[in-house]
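Trainee: no FASTA, just this:
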């Protein structure tokens, strides 16, 4: 068996592999940049909303139930 490879063939393969590695590195850098850009875009989008919370105190009178119907229509039962 002849295991010798001509130098010209070897250099051609090395050049092809170098181009492939360069393309992979460029693709990796672009992907990392896109991940950071995507996260920054989501943070910017979610920070546009002004989230507030309200604290409501309801007292029941004379052994009655303290019910409160909020903006969403959900009944919150308080303490007697």
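Mentor: Nice, thanks for sending it over. Keep in mind it's a predicted model, so treat the numbers as computed, not measured.
Trainee: contacts, neighbours, all on C-alpha from now
Mentor: OK.
Trainee: please, where are all the strands along this protein?
Mentor: Chain-ordered strands for the chain, with DSSP state E as the definition, fall at 67-69, 75-77.
Trainee: just for this structure, where's the confidence low?
Mentor: 58-80 (pLDDT under 70).
Trainee: roughly how far apart are the spatially most central residue of the chain and residue 23?
Mentor: In the chain, the residue lying closest to the centroid (CA atoms, centre = their mean) is residue 39, at 5.5 Å. Note on residue 39: its distance to residue 23, by CA to CA, to the nearest Å, is 24 Å.
Trainee: try residue 42
Mentor: When distance is defined by CA to CA, residue 42 is 28 Å away from residue 23.
Trainee: residue 33 now?
Mentor: From residue 33 to residue 23 the distance is 15 Å (CA to CA).
Trainee: same question for residue 7.
Mentor: From residue 7 to residue 23 the distance is 24 Å (CA to CA).
Trainee: compare these two (neighbour count), which wins?
Mentor: Legend: neighbour count by other CA atoms under 10 Å for residue 7 and residue 23, higher for residue 23 (12 against 9).
Trainee: with that, I have no additional questions.
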